[in-house]
Every structure is written in structure tokens, then in C-alpha cells.
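Participant: mind looking at a prediction? Sequence and model below.
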Amino acid sequence: MRLMTLPLILSLAACVPALRNQSTLAGAKPVAETGVAFDRNGERGSFAVGLADPKTGRAITPDDPVRVASISKLAVAIGVMRLVEQGKLDLDSDVSGRLGWSLRNPAFADRPITLRMLLSHTSSVRDHDDQYAIPLGGSVRGTMAEPSSWDLEHGPGASYFTYSNLNFPIIASIVERVTGERFDLWMRREVLEPMKLDACFNWPTCSDSAVVKAVVLMQDGKAVRDDLDGKRPDCPVFVREGEPCDLSRWRLGENGALFSPQGGLRISARGLARIGRMLLNGGTLDGTRVISPQSVEALLTPVWRFNGGNGDTDQGFYCSYGLATQQIPTRARGCNDDPALDGVARVGHAGDAYGLRSGLWIDRARGTGVAYFVTGLPEDPPRGRSSYRAAEEAAFRRALSLLR
């Protein structure tokens with residue numbers, strides 16, 4: 001998910017290598033970074049540097065909620081597993097019956113699509129032009145009727161991976177249909193509150209105190225998300241220009257994109273750490289059972305691994321994927337997914353949007369984990385030694401150092 005174009009000075013600098021390098025490095029310094037290290041029993045340490053709100057000078061803390069981008073998908077998957085345990089969903093059944101309409105790739109109309117495929121990005125659903133951001137009044141069904149929303153060469157069931165945000169509005173629509181409730185409200189009550197998380201999708205269900213602490217996302221010196229001034233946004237969902245933000249137009253299961261299941265979770269680094277602890281403890285957190293050990297295994301076990309030609313790795317970034325989880329590192333040609341640069345096996349998810357890079361990673365063998373984010377990065381920040389960017393590698397390693 002990208003938003004801003006590079007400023008004119010960087011375009012001009014393309015003709016002058018020295019100026020280009022100087023500008024890129026200056027824009028790569030984060031506005032804020034924070035991280036938490038933890039184990040099964042609790043927090044081991046934290047750090048916080050920079051500003052949550054540059055306009056007011058408010059300093060960042062590990063308790064400040066931020067739009068964590070694609071780590072949101074892991075939270076959604078936890079919700080899906082709760083519904084699977086309740087018998088309301090099945091990972092391997094055709095989802096068309098739950099949607100109330102036929103979800104089919106037009107080039108592979110005989111192949112059903114399952115939740116396991118949607119959660120693992122092997123469904124053949126594809127992003128184009130950010131069409132996964134479906135405005136109020138639009139529908140997932142209408143978006144999926146567009147041939148450009150599909151991979152017409154690699155069908156569902158072919159175990160071909162391409163990361164696609166659009167899978168998750170479909171999943172959120174299914175959640176609404178089977179629960180009879182708006183996605184963000186159900187997620188708050190059934191997933192976030194059991195873990196004692198003051199977190200939310202797109203702000204309506206977060207507490208007033210969380211809203212006041214919102215982290216403003218900056219890019220190229222400008223606020224691009226969550227510049228709230230201490231109050232909830234007037235419109236928490238995407239609407240077409242000139243149309244009213246009237247949530248009475250919401251229809252159950254019609255548009256699961258409205259509360260950004262693919263990236264709209266607002267949660268703190270400390271909150272992410274609690275999710276990590278729950279996974280490390282086989283589905284329990286502070287004595288509360290959130291999901292079963294079997295559900296944890298289903299989430300964390302790879303569904304797809306790169307074999308040299310069975311998917312798009314995004315320059316070696318995605319090489320092993322479960323149910324909304326990444327497994328790192330992968331020792332295969334074309335893979336460079338070791339942001340910690342230590343060869344240790346971890347599982348979790350990364351996030352990238354609006355100048356933010358984030359991560360939640362657990363080391364199951366050692367029973368430890370880290371959660372972190374950095375903000376204020378340019379659209380294309382300097383790359384690190386892995387397929388990750390230098391700023392997130394640095395935050396990852398800084399969080400890991402707290403475990404020593």
C-alpha cells in the first residue's frame with residue numbers, strides 16, 4: 001500500500017547522484033520508532049524514540065496506537081479461527097455459500113475458493129489500482145466481477161502465491177455474514193477485548209484515551225494518516241468524493257472493505273506484543289483462552305513455500321506463508337527474508353503503508369518475540385541487507401537486543 005509520490009527535489013536529484021544519495025538518506029530517518037521485546041510470561045523491555053505527533057511535539061511511547069498496516073491481517077485471521085472453532089466457518093469449504101453469491105475466477109470457473117486460500121494469498125485474487133479500498137455504497141461482489149481482480153493464468157488450488165490485499169475484504173464480508181454484525185464491532189468484542197487490547201479498526205471502537213494518543217503517520221514531511229487532533233475522524237470509512245459519510249448505508253456482508261481489514265488495525269507496539277504472547281502460549285493470554293492450540297498451529301504452519309516458480313516473492317520478501325503469517329528466513333534461491341540478519345526461524349507478519357514499517361515476530365523455539373514500528377519513512381526508503389528496508393532492520397535488531 002503506497003500513498004505519496006516522491007517530491008520534486010528527488011526527481012531533479014536523479015540527474016545528480018551525490019544530491020540524490022544525500023536526499024534519500026535524509027528522508028530515511030524515522031520520525032518515530034518504538035519496540036517491545038517479550039517472552040511467554042511478559043515484557044522483557046521496550047524503547048521509544050521520536051514523535052507521535054510532530055505538530056504538537058508529543059513524544060512516542062510503546063502504548064500509542066498506530067495504523068500497523070498488514071499486521072492487521074493476522075488479527076483478522078485470529079477472528080476467523082474463533083469462528084472455525086465455533087463451527088460457523090470451515091477453512092476448506094467453498095466460501096460462496098457464506099457470501100451469498102458465487103466467488104469464482106472467470107478463467108477457472110469450476111474451481112471453488114476457500115478461506116485457506118484467501119488467508120494464504122493462494123486464491124488467485126489480485127490487487128490493481130488499490131481497488132481493495134471499496135467506498136461506502138460499493139460492494140465486494142461488484143469489485144470481484146472485474147476480470148482485473150483475478151489472476152487469469154494461475155487459478156485457485158494451484159498453490160500459486162501473490163500477495164493481495166483484496167483477499168481480506170472478502171474475508172471480512174464473510175465474517176459479517178456469519179456473525180450478523182459489523183466487522184469492526186465484532187472484532188473488538190470477540191478478538192481484541194479477550195486479549196485486553198484497546199485497539200480498533202479505523203477508530204470507531206477505540207477508547208477516547210486511545211484516540212488522544214494516536215500516532216500521526218508522516219511521509220515526506222506531511223501528515224498522511226491519523227492527524228486526529230484528539231478526536232475520532234468525522235468519517236471512519238472511505239467514501240467517494242462528494243458523497244455523504246452516512247453509515248446507515250452500511251449493509252451486512254456487502255462491503256467488508258469499509259473498516260480496512262487488510263491494514264486498518266490501530267494498536268500499540270505493546271498491544272502487538274500481547275498478541276505475540278498469546279501465540280507463544282498456544283492460544284492463551286494471562287489465563288484467558290483466545291483460540292485453541294490447534295488454531296495456533298493452523299495459523300503459523302506454512303501453506304505455501306517458494307520453490308523457484310510458484311509465486312511472486314516481491315524481490316525475495318515473501319517466501320513462506322501460512323494463514324496470514326510469514327515464516328522467516330527461507331533458505332532458497334531468490335529469497336532474502338531475514339531482516340534480523342541472524343538466521344533464526346521466526347513467524348509473524350510485517351506491515352508497510354503511509355511511511356510506516358512494522359513487524360510482529362515470535363521465535364517459538366526460544367519462546368520470545370518482538371513487536372516494533374517506525375514512522376515517517378519516504379515511499380521508497382533505503383534497502384537493508386535483506387529484502388526489508390534498513391530502518392525496519394534496525395528496529396528489529398534493537399528490539400531483539402532487549403532480550404539479551
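Facilitator: That came through, no problem. Residues are numbered from 1 along each chain as shown.
Participant: just the strands in the stretch 1-150 of the chain please.
Facilitator: For the stretch 1-150 of the chain, applying DSSP state E, counting those that start in this stretch gives strands covering 32-39, 43-53, 58-59, 66-67.
Participant: do the stretch 251-400 of the chain as well
Facilitator: For the stretch 251-400 of the chain, the strands defined by DSSP E, counting those that start in this stretch cover 265-267, 284-285, 288-289, 304-305, 320-321, 326-328, 346-353, 356-363, 368-375.
Participant: how about the ones you listed in JSON lines, adding mean neighbour count, mean pLDDT and distance to P65?
Facilitator: Where C-beta positions appear, they are placed from N, C-alpha and C, glycine not excepted. JSON lines is the format used below for these (neighbours: other CB atoms under 10 Å; pLDDT from 0 to 100; distance: least, CB to CB, whole Å):
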{"stretch": "strand 265-267", "mean neighbour count": "30", "mean pLDDT": "98", "distance to P65": "4"}
{"stretch": "strand 284-285", "mean neighbour count": "18", "mean pLDDT": "98", "distance to P65": "18"}
{"stretch": "strand 288-289", "mean neighbour count": "12", "mean pLDDT": "98", "distance to P65": "21"}
{"stretch": "strand 304-305", "mean neighbour count": "18", "mean pLDDT": "98", "distance to P65": "31"}
{"stretch": "strand 320-321", "mean neighbour count": "22", "mean pLDDT": "98", "distance to P65": "26"}
{"stretch": "strand 326-328", "mean neighbour count": "23", "mean pLDDT": "98", "distance to P65": "23"}
{"stretch": "strand 346-353", "mean neighbour count": "23", "mean pLDDT": "98", "distance to P65": "13"}
{"stretch": "strand 356-363", "mean neighbour count": "26", "mean pLDDT": "98", "distance to P65": "12"}
{"stretch": "strand 368-375", "mean neighbour count": "28", "mean pLDDT": "98", "distance to P65": "11"}
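Participant: out of those, which is closest to P381?
Facilitator: Across the strands of the stretch 251-400 of the chain, P381 has its closest neighbour in strand 356-363 (7.6 Å, CB to CB).
Participant: the closest one pairs with which strands, and in what direction?
Facilitator: Strand 356-363 pairs in its sheet with strand 346-353 (antiparallel), strand 368-375 (antiparallel), by DSSP bridges.
Participant: out of those, which comes closest to N255?
Facilitator: strand 346-353 (20.0 Å).
Participant: closest to D130 out of the strands of the stretch 251-400 of the chain?
Facilitator: Of all these, strand 346-353 sits nearest to D130, with 10.8 Å by CB to CB.
Participant: please identify the helix or strand for A223.
Facilitator: Using DSSP states H and E, A223 falls within strand 222-225.
Participant: ok, and which of the strands of the stretch 1-150 of the chain has the densest surroundings?
Facilitator: The highest mean neighbour count among these, using mean count of other CB atoms under 10 Å, belongs to strand 66-67: a mean of 28.
Participant: that one: partners in the sheet, and parallel or antiparallel?
Facilitator: Partners of strand 66-67, by DSSP bridges, with direction: strand 265-267 (antiparallel).
Participant: pLDDT below threshold where in the chain?
Facilitator: Counting by pLDDT under 70, the chain has low-confidence residues at 1-28.
Participant: find the centremost residue of it, please.
Facilitator: Within the chain, one residue has its C-alpha closest to the average C-alpha position: by CA atoms, centre = their mean, that is S70, at 1.2 Å.
Participant: distance of that residue from L272?
Facilitator: As defined by CB to CB, to the nearest Å, S70 lies at a distance of 12 Å from L272.
Participant: got it, and S358?
Facilitator: 8 Å.
Participant: which residues do the two both contact?
Facilitator: Counting by CB atoms under 8 Å, 6 or more residues apart in numbering, the residues touching both S358 and L272 are V68, I71.
Participant: can you give me the helices in the stretch 101-250 of the chain?
Facilitator: With DSSP state H, counting those that start in this stretch as the criterion, the stretch 101-250 of the chain has helices at 115-119, 140-144, 167-179, 183-187, 208-212.
Participant: mind giving me the packing neighbours of the third one?
Facilitator: Yep, that's helix 167-179 we're talking about. helix 72-85, helix 96-99, helix 115-119, helix 140-144, helix 183-187 (3 or more CB pairs under 8 Å, 6 or more residues apart in numbering; DSSP states H and E).
Participant: E392 is nearest to which of those helices?
Facilitator: Of all the helices and strands packed on helix 167-179, helix 72-85 comes closest under CB to CB, at 16.6 Å.
Participant: any chance you could list what contacts that closest one?
Facilitator: For helix 72-85, the surrounding residues in contact (CB under 8 Å, 6+ apart) are 89-91, 115, 119, 168, 171-172, 175, 178-179, 186-187, 190-192, 199, 201, 260-265, 267, 275, 290-292, 295, 298-299, 323-325, 348-349, 351, 360.
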